[in-house]
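Undergrad: Next come a sequence and a model predicted from it.
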Amino acid sequence: RKEVEQDPGPFNVPEGATVAFNCTYSNSASQSFFWYRQDCRKEPKLLMSVYSSGNEDGRFTAQLNRASQYISLLIRDSKLSDSATYLCVVNGGTTDSWGKFQFGAGTQVVVTP
Amino acid sequence: DVKVTQSSRYLVKRTGEKVFLECVQDMDHENMFWYRQDPGLGLRLIYFSYDVKMKEKGDIPEGYSVSREKKERFSLILESASTNQTSMYLCASSWGDVYGYTFGSGTRLTVV
């Protein structure tokens, strides 16, 4: 079983609609969670950290469910520019993996006019 | 603006050549990483380093080596390039678990 799993999609979303997707992680010791955005042929860039209480940044909302070991990302009022691959990133949770992260394979979102 | 800089965006090399990919960060991060990314395979860790002159193998170190002589610089070396090393190479740095990775802009290497 992969340590971090994501639905690869693609999620085809009409402009203005809401889309949400999850990421599951297997290591219960993980403490740090992030969503990264990656555009085609570009490097991943940090979209937002995910906090225990959930957090929002404009149209983006991230949630953490420790009991079920997943994080989620919700995008409201989708824009064409939101089309990208969204990577789930999770820390290793142990002292010998400090500063090293595990990646999901990414969820592709395609926003259509 | 803090940065991770990779020396080349695009490289074309011949089979058997020794290839150097350079990465420099200006954030005083202890940790540096080299990944490759291929369609359908996601990001795979090649090597990483937690300190100067330290290196650790990642998941796919075969055919690669690294050098970290200074804290800010982490080099990836392809000892004898092969066509199956054609890929996007991404350098990243981090400080602890709190802030995640900062990535360089990537080097797209083609081995012919």
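TA: Cool, the structure landed.
Undergrad: For residue B:23, which non-adjacent residue is spatially closest?
TA: Excluding the flanking residues, the one nearest residue B:23 by C-beta to C-beta, 6 or more residues apart in numbering or on different chains is residue B:91, at 3.4 Å. For every residue, glycine as well, the C-beta is placed using N, CA and C.
Undergrad: hang on, I meant residue B:51
TA: residue B:30 (6.1 Å).
Undergrad: contacting residues around the closest residue to residue B:54 other than its chain neighbours?
TA: Residue nearest to residue B:54 in three dimensions, not counting chain neighbours: residue B:68, with 6.9 Å by C-beta to C-beta, 6+ apart. Going by C-beta atoms under 8 Å, 6 or more residues apart in numbering or on different chains, residue B:68 touches B:32, B:49, B:51, B:52, B:53, B:54, B:55, B:74, B:75.
Undergrad: go again using 7 Å as the cut-off
TA: B:32, B:49, B:52, B:53, B:54, B:55, B:74 (C-beta atoms under 7 Å, 6 or more residues apart in numbering or on different chains).
Undergrad: do residue A:17 as well
TA: residue A:78.
Undergrad: circling back: tell me how many other residues crowd the residue nearest to residue B:23.
TA: Counted with other C-beta atoms under 10 Å in any protein chain shown, the neighbours of residue B:91 add up to 28.
Undergrad: surely it meets residue B:24?
TA: No: contact criterion C-beta atoms under 7 Å: residue B:91 and residue B:24 do not qualify, at 8.7 Å.
Undergrad: Quick one: classify the residue sitting nearest the centre point of chain B as helix, strand or coil.
TA: Closest to where the C-alpha atoms of chain B average out (C-alpha atoms, centre = their mean) is residue B:34, at 3.0 Å. Of the three states, residue B:34 takes strand under DSSP: H, G, I helix; E, B strand; the rest coil.
Undergrad: and the end-to-end length of stretch A:47-56?
TA: 11 Å (C-alpha to C-alpha, to the nearest Å).
Undergrad: before we move on, the earlier item: show me what the residue nearest to the centre of chain B bridges to in the sheet.
TA: residue B:47, residue B:91 (DSSP bridges).
Undergrad: is any part of the lowest-mean-pLDDT helix or strand in chain A close to chain B?
TA: Ranked by mean pLDDT, DSSP states H and E, the weakest helix or strand in chain A is strand A:101-103, scoring a mean of 90. Yes: if you take C-beta under 7 Å from any C-beta of the partner chain as the test, strand A:101-103 does meet chain B, through A:101, A:103.
Undergrad: Ok, stretch A:52-69 next?
TA: No: in terms of C-beta under 7 Å from any C-beta, no part of stretch A:52-69 sits within range of chain B; the closest distance is 12.8 Å.
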